[in-house]
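*Asks:* This is the structure alone, sequence omitted:
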């Protein structure tokens, strides 16, 4: 194991020449940033600026940019001095002009985009393309070298940074947190991530809280509390803050260099202690607070109003180029950086400045972890079929689907223990979700205090990560995936909505990444949603919501998959499938309660490979045209659907019923709308073009209607699902409240079939009597009636069909 | 103004008798809590417990409950001693057995639910109903007296508390924050709410951080950092924490009483200072940290495993009553509270214990603010028509819709300045969203430091609330509405997804509240979503998402309204309408950019009252059957739709086109599915039963398909909307990327009309040429081509039709 050599400390660590060059780098980065916001042509200001040189639309965020540039050059100094592997995570990713400028000055940009060369012509392209149609976006998007974090929606930088350094002991993620972003909930929660970092086996995060004081139009909270209050807060988060405050670049360069020297020495000391077994207790990690003016080095005033050091420099400090004096003010501003001193006559950065950058992979813009797909290794996958639940007769065996999945995940964890590239995350619900077999293979990640008698499975080396923040779990996992590893997020179904917006942003990242040639595919974002809407009767209404499926179904078709395995063996296939996939968002909805198991492993594999299909053993249409299709998706709807079919056999024995189960929800969409969509002919062959379809669905009925709206038989689909009715009651009452139960399904079926041979009125009354009996029984006993609890699919039906 | 009299302080403030009675109250509350979880019968343990007395399903959360009960009795002491108006906000609302027990002991429960009387029979009902079918839910739901916070989904208690005390100077919200909840992002962000409280005109929040150490299966972060680290954190949040730690009830009672005496004295001192003009700077508010065992007073061990003080007591400490010894252990546990000493022979709480409760409205369970609808006064509404934009000719005037709305909101603010019951909230976007006219009437709420040169409109008395946390804004507004006031949340459209899950919970609260007889309707939750998907071309992909409409559309129909006013005058009508409504979630999507105005005020009123309708001036079907319906919803789609109609007039002049604009999206649904749904006959009369409908929609096309799926003409709807294509580009290119632009609409129209008289091929080629010209032009100039920028609806069309 490498032990780091101690750093030398100095209050003013920069020699005059080094200071001069770093200031030159900063000027150059600022110049290139301003150029990107403003210029179409004349990038080196060879001639006086005219309106023809200026973009007709001025877009971009300058306010945060000089701070990002300042941090970047200082991190580069540190990387070179200590040979570090470092990621740059720009919380204020809308300061992309700065991030792009730095990556261009490091040469990476031109390597990846040769047309943006390091000469005047390339500089012109660099300027023009920014926020320009057909060019690059205004945030640190997937197109930006070295970025794993766009920063358009604020709040996730710190969780991403922590996710990136897990199991990467040699990596340091320098994470710039804007003081605007710091007001968000997800960011505020993520500070406590430092209790989940193992200094021996994980890398380190160096948070750099950048207080530039303002948001779009307001001061920031953290910039307007007292120094001591802020210090208390950060100490309370578990950090040792080092403050760098001021506006004089020369003084600030010395202070920042000294602060970073101190910080990196502290990080290395903590890591060395842990790695040599000398550590005692949780480390107190260093962090930097950089208080510098917003729009630093920009115009002091514009139209007589304070601009540098004000919210007025948030976006484009000098806008409306038609106004008298504005064009000249822009030229003066740009020339204040003295571009002629920074770039040679070809437009290339002077070599002595360029030499400040690290080389090769040590450049933050070329750090391999930022293009995680290139590092990704496929998981070693155990044979999922060895976990198969024996199902001799459909419905004849009970099983807990997620508990079976837990055994499989335990084996995945074991097989990949050495490569250390798989983690399971969840908000304190791993055991509740019945995945506790995982704890046979690993512990719960925890680096805070432990109490011997009270705690179970806690370990600084645990690979199950639990914190009661869905945001933090999601952010960690995204950071972990984006740096080339694998994972699964298990969550109560209702509360996964908490990360709706993060899912949006990740989906957007995946979509754009696919269009960026040099980005390699990363492992899919896998969700297990359990403790689902139909089995949260004990927690009540607040815990009942299946709408996450609706949310993800709005995303780009090729990104999203939704699976509703009806039992344990289908869940095994789906889990195996998802863990092998890439660049997707896979949503698996499955139950954790003991439930009948329907398919043996062979049947499960065949069924899942198709994604949906007729369950012949439950159907009695014998290959002919059915009078009725009973369809189902989801474990509880499948149970109710089959119980309804059983009742139909009793009350309408001549009715020809076809039973279809759907595992892969996206098969319902047209082929033109989703790659998994069933071709029209196949869909019509399954669901017919004229028979009524009673569809028992796990989620909101409208989702099915929108998926099938242009199918031939769509008008005949009658979907039963969640209708936002729920409370603390019994499991069966939950389905009754929403008319998803067997009795309502049968009544609907009877009403929809045109020519029912049996006595329709009699059958309906008999079924209604059962509903009344249900209400009476639960009101009296508080549990479901035996007829419901004890129902099993009769073996006789199977033989008969 | 009342000045509070100083409190007397003592380290052990409780006289022996008071201590004895408070301990008795606590025992009684705990007894009643356990009874609710376990018993169906034999509530007073008149006979030895048998299985017949015990519920067949044991549901509930005991772990947090004794702590809630302990806090409750101490708050009651304080209320009585100082005649306080106090709200009890139980962050761990799943500790409802405790909340319900206390409200029952105060008598409120029996007043609202007379069948649950204060006698043995009533106690039996109290026990039985809990988490029982047909009974009450297991959380502090709307059915719970005194509750404005269910606490099922964790994270929002503190923001709710702050929202409740705004403009309620006499109110104190005691907010219990569980240490599990404290890990969530929304809670972590909400601590900084104290920078937005004006001690002169707002009430106070007293946070009580309850460290019981464990979540479902894990320790909590805040319970496992050092005392000094935790103290630093809370000081950093701006509080003076007072610690109450231990497990001996007698000592803890004295410590808690002393802590609350100190806290209330500090609150009153801060308020008095501010109200007498003696205040200097932002107050440092007190708070309590209560560290007590989870499952306090419960069984020490169960089956040999530590239970009191462990995560094992999170839900039901002794479960599985069939196990040997469990029934006896339950009986022993319940008898340990000595119920015979607490309740008389009728089952009524002994008078000397009951006398600890405040009386009447001073009971937290009967505080009028907790049934805010009963206090709510309608807003004084100015005449919105005075803000009308003059529209002599459709499309002949340009206007910024939200800026016009801002003027109206300013007048609402002024008219209600004295009643102080209206606030506008947003994450730093009020000015960005063009509502800056509000600052003529009020400022931005801000109680942290200010800097004279840098700040605009900041004031401790401001009624516009801005913090860069959508969660905090949403939580504040919910708390404000639930206590009987009014408000509007303005937000970037894409980022409102951040509060998806909070919206779910509020929708559930509203739905259930309507079923609770004594709950009065509250003002609607109003959203203005602007800076919307079609005008975030400068920010790029991360800022582009119209999916919040899809999310709210899944909610109960009677709760949700979605409005897409196409211009300023329709936006005025919609805003006025929403601010007058109650018990709804109103989503208004409107643009902030200069855009053509279509309807004068009279036409706007008529159009909005119907919710949708034919724009005769843009149609040329002259009352006959149209060849084609061009429909639109949203400002940008309306513009593109009309521009497409203009092109159709040029290229297919004989085509009979009907133009329909939809303001109230819910009119598209069936009457059976939504109260605003258009009857089938009216829908068919508008959209025909056979003509192709080209629908230009603001959001995802699938939303329209799911709303109209069972309409007669649904197969002929061809919806153009957002397809998740977006980047930093020009405004018109955004619609082109998603095929929502005039050119794609025309091409689709030409393809869909069976018998187009003009030369179809010629027209399509001409339009395709225009698309090519668009791409060429923006690539060269970076702005949209003049044909697009300068297009206006030709007055000639209007005269002609």
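*Replies:* Sure, I can see it. Source: prediction; values computed, not measured. Residues are numbered from 1 along each chain as shown, chains lettered A, B, ... in the order given.
*Asks:* Spell out the secondary structure type for residue A:658.
*Replies:* strand (DSSP: H, G, I helix; E, B strand; the rest coil).
*Asks:* give me the number of residues near the residue nearest to residue A:514 when sequence neighbours are not counted?
*Replies:* For residue A:514, ignoring the flanking residues on the chain, the nearest one in space by C-beta to C-beta, 6 or more residues apart in numbering or on different chains is residue A:583 at 6.5 Å. Quick note: C-beta positions are derived from backbone N, CA and C, even for glycine. Residues within reach of residue A:583, counting by other C-beta atoms under 10 Å in any protein chain shown, total 19.
*Asks:* which ones are touching residue A:583?
*Replies:* Residues near residue A:583 by C-beta atoms under 8 Å, 6 or more residues apart in numbering or on different chains: A:510, A:513, A:514, A:521, A:522, A:524, A:559.
*Asks:* Same check on residue A:414?
*Replies:* A:382, A:441.
*Asks:* so where does it fall, helix or strand?
*Replies:* When elements are assigned from DSSP states H and E, residue A:414 belongs to helix A:401-415.
*Asks:* in that helix, what's buried?
*Replies:* Going by neighbour count (16 or more other C-beta atoms under 10 Å in any protein chain shown), the buried part of helix A:401-415 is A:401-414.
*Asks:* Domains in chain A, by residue range?
*Replies:* A:16-368, A:384-594, A:621-800 (automatic domain parsing).
*Asks:* And the pLDDT for the nearest residue to residue A:357 once chain neighbours are set aside?
*Replies:* With sequence-adjacent residues excluded and distances taken as C-beta to C-beta, 6+ apart, residue A:357 is closest to residue A:106, at 4.4 Å. Residue A:106 carries a pLDDT score of 98 in this model.
*Asks:* dump the residue contacts of residue A:106.
*Replies:* With contacts defined as C-beta under 8 Å, 6+ apart, residue A:106 is in contact with A:76, A:357, A:358, A:363, A:364, A:365, A:366.
*Asks:* Return the closest of the residues you listed with respect to chain B.
*Replies:* residue A:365 (20.0 Å; C-beta to the nearest C-beta).
*Asks:* Give me the local confidence score for the closest one.
*Replies:* 98.
*Asks:* in which helix or strand would I find the residue lying closest to residue A:718 once chain neighbours are set aside?
*Replies:* Among residues not flanking residue A:718 along the chain, residue A:694 sits closest, at 5.4 Å (C-beta to C-beta, 6+ apart). Following DSSP H and E, one finds residue A:694 within strand A:693-697.
*Asks:* and that strand, which strands flank it?
*Replies:* The strands beside strand A:693-697 in its sheet (DSSP bridges) come out as strand A:628-633 (parallel), strand A:717-720 (parallel).
*Asks:* Going by neighbour count, which residues in the strand or helix carrying residue A:122 are buried?
*Replies:* In the assignment (DSSP H and E), residue A:122 maps to helix A:120-129. Neighbour-count burial for helix A:120-129 flags A:120, A:122, A:123, A:124, A:125, A:126, A:127, A:128, A:129 (criterion: 16+ other C-beta under 10 Å).
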